[in-house]
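*Asks:* Provide a 3D model corresponding to the input given below.
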Amino acid sequence: MPSLGADMDAGTLVQWMIKPGDAVKRGQVVAVVETQKGAIDVEIWEDGTIDQLVVETGKKVPVGEVLALLHAAGEAAAAPPAKPAAGSRPGPAAPAKPRVEAVSPAATGMARGRISPAARKLAEELGLDIDSVRPADPDGVVSRADVERAAAMKAAPAPAVDARPVAADWHAQMRKAIAAAMSRSKREIPHYYLATDIDVTKVTDWLASENLKRGVAERLLPVVPLMKAVALALREMPELNGFWTAEGYKPSPAVHLGMAIALRGGGLVAPAIHDADKKGLDQLMADLRDLITRVRGGRLRSSEMSDPTVTLTNLGDQGVEGVFAVIYPPQVAIVGLGKVTDRPRVEGGAIVTRKVLTATLAADHRVSDGHRGAVFLATVGRLLQDPEKLL
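*Replies:* Numbering: from 1, shown residues only. Presented below is the predicted three-dimensional model:
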């Protein structure tokens, strides 16, 4: 069972997508695991053949416990796993790539479609046959909203009222998970905070001009060039891009940008866009659109949840001018972006209006200091003054 974040101690195996004797490929979804943040598609990280499914569906499995056994081509069949010592529990570590993983607000992949765990629980609470419920999107996931709608159509006395305790309970579990991670962060990580105002007039004007050349479906959101600038700056600042483990700091050679995305029912997740520093703006836009769609539909994957090397939170579209965020362990930094505002500036002795954004950094003082953090923010600002190079 992989660790899918600092707020995960265990997960419940909802469904196996494989059986003994099946050949599997790296990146293939092999199971669905339910966590406090939803159901997540578990990917496998090696090619091979499945020997044994160690864990039965419906079982709650601690992080670190073996889920299945497999062998690669040319290897002998895998031996059964050793029983863990009583009371033993894996300590915190940097995200690893176990042989069989799990994760993602996805749902059980039934023959006719997927059903989110929250929807399944609500259907049981309402006495509704979950197999009779169809998602609003024919290719999507059966959600709690779909169950509520089906219950209303069935003329249940008060489905909305009955649904509230279930939704409240799910939200309480989400808040509990977030509380555990954030409490650990503030307890263990010596945060320092920096903020700077960045003139984004050039990149804003360039983006407006660039989007005029594109069709509606190909246009870039304002956050996309900001994502690329942050990713490129992180490549130059390895002390802000990695994990704090029991052995100390481990920088990551790759920049996997965790994007904080709010969930419709409350709470948030921060799945990764992999190798963000190496991707062009069009690919980043496509990845972000895909990620948001799957977050809202409950279809994340373990690889996206287990290995973000840093988190970016953007609250500008909510009208917030500055955000001082809390680091998500075992990461060592989080970048915050506020809204773009028109502000007066003096240029050539004249007062002009410029578009300005407040960028913030919260970083782990065990790994970096304020000077390096300031250099990072200055680098982000410098990169945004030459937006054509971000493409």
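*Asks:* Mind picking out the helix or strand in the protein with the poorest mean pLDDT?
*Replies:* strand 108-109 (a mean of 36; mean pLDDT, DSSP states H and E).
*Asks:* All the strands of the stretch 151-300 of the chain, residue numbers only.
*Replies:* 191-199, 242-245, 248-251, 257-259, 261-262, 268-269, 272-273 (DSSP state E, counting those that start in this stretch).
*Asks:* so of the ones you listed, which one's packed in deepest?
*Replies:* Across the strands of the stretch 151-300 of the chain, averaging neighbours per residue (mean count of other C-beta atoms under 10 Å) puts strand 257-259 on top, at a mean of 26. For the C-beta atoms, the positions are set from N, CA and C on the backbone; glycine is no exception.
*Asks:* Distance check, W16 against E75.
*Replies:* Distance from W16 to E75, counting by C-beta to C-beta, to the nearest Å: 22 Å.
*Asks:* Pick out whichever of those two has more residues nearby.
*Replies:* Legend: neighbour count by other C-beta atoms under 10 Å for W16 and E75, higher for W16 (19 against 11).
*Asks:* residue contacts, that one?
*Replies:* Residues counted as contacts of W16 (C-beta atoms under 8 Å, 6 or more residues apart in numbering) are V30, A31, L53, T57.
*Asks:* Give me the pLDDT for the nearest residue to A229 once chain neighbours are set aside.
*Replies:* Sequence neighbours aside, L383 is the residue nearest to A229 in space, at 4.1 Å (criterion: C-beta to C-beta, 6 or more residues apart in numbering). The per-residue pLDDT reported for L383 equals 97.
*Asks:* I'd assumed A233 was in contact with L383.
*Replies:* Yes - using C-beta atoms under 8 Å, L383 is in contact with A233, at 6.4 Å.
*Asks:* Could you report the pLDDT at the residue sitting furthest away from the middle of the chain?
*Replies:* Taking C-alpha atoms, centre = their mean, the residue of the chain most remote from its mean C-alpha position is G349, at 46.2 Å. pLDDT, G349: 90.
*Asks:* ditto for S132
*Replies:* 70.
*Asks:* mind checking how far it is from I115?
*Replies:* Taking C-beta to C-beta, one finds S132 at 11 Å from I115.
*Asks:* Of these two, which one has the most company?
*Replies:* Between S132 and I115, I115 has the larger neighbour count (other C-beta under 10 Å), namely 26 against 9.
*Asks:* Just give the nearest non-adjacent residue to the more buried one, would you?
*Replies:* Nearest non-adjacent residue to I115, counting by C-beta to C-beta, 6+ apart: V142, 4.4 Å away.
*Asks:* repeat for P308
*Replies:* G258 (2.9 Å).
*Asks:* Report the beta-bridge partner residues of that neighbour.
*Replies:* For G258, the beta-bridge partners are A272, T311 (DSSP bridges).
*Asks:* wait, I18 sits on V24?
*Replies:* Yes - here I18 reaches V24: they are 6.2 Å apart, a contact under C-beta under 8 Å.
*Asks:* Identify the contacts common to the two.
*Replies:* V30, I50.
*Asks:* how near is the most centrally placed residue in the chain to R214?
*Replies:* Centrality entry for the chain: nearest residue to the mean C-alpha point is P271, 1.4 Å, by C-alpha atoms, centre = their mean. In this structure, P271 and R214 are 26 Å apart, going by C-beta to C-beta.
*Asks:* just G11 next, same as before
*Replies:* The gap separating G11 from R214 is 41 Å, by C-beta to C-beta.
*Asks:* Of those two, give the one with the bigger neighbour count.
*Replies:* The neighbour count for G11 versus R214, taken as other C-beta under 10 Å, is higher for G11 (29 against 11).
*Asks:* Tell me the neighbouring strands of whatever helix or strand G336 lives in, and mark each as parallel or antiparallel.
*Replies:* Using DSSP states H and E, G336 sits within strand 333-347. Its sheet considered, strand 333-347 pairs with strand 310-314 (parallel), strand 350-364 (antiparallel) by DSSP bridges.
*Asks:* could you pull out the helices for the stretch 101-250 of the chain?
*Replies:* Ranges of helices in the stretch 101-250 of the chain, per DSSP state H, counting those that start in this stretch, are 117-126, 144-153, 159-188, 201-212, 223-236.
*Asks:* hey, least reliable of these by pLDDT?
*Replies:* For those, where the average pLDDT is lowest is helix 144-153, sitting at a mean of 62.
*Asks:* OK, contacts around the nearest residue to R343 once chain neighbours are set aside?
*Replies:* Leaving aside its sequence neighbours, R343 sits nearest to V356 (C-beta to C-beta, 6+ apart; 4.6 Å). Applying C-beta under 8 Å, 6+ apart, we find V356 in contact with D197, I198, D199, V200, V340, T341, D342, R343, R345.
*Asks:* Below-threshold pLDDT in the protein: ranges please.
*Replies:* Within the chain, the ranges that satisfy pLDDT under 70 run 5-7, 36-37, 78-114, 116, 118, 125, 134-141, 143-146, 148-171, 265.
*Asks:* ok, I115 to V55 distance?
*Replies:* Counting by C-beta to C-beta, the gap from I115 to V55 is 20 Å.
*Asks:* Next: E388.
*Replies:* Applying C-beta to C-beta to E388 and V55 gives a distance of 52 Å.
*Asks:* for the strand or helix carrying H371, the distance to its chain's centre please.
*Replies:* H371 is part of helix 370-383 when elements are defined by DSSP H and E. Its chain's C-alpha centre and that of helix 370-383 lie 25 Å apart, by C-alpha atoms, centre = their mean, to the nearest Å.
*Asks:* Many thanks, I have nothing further to ask.
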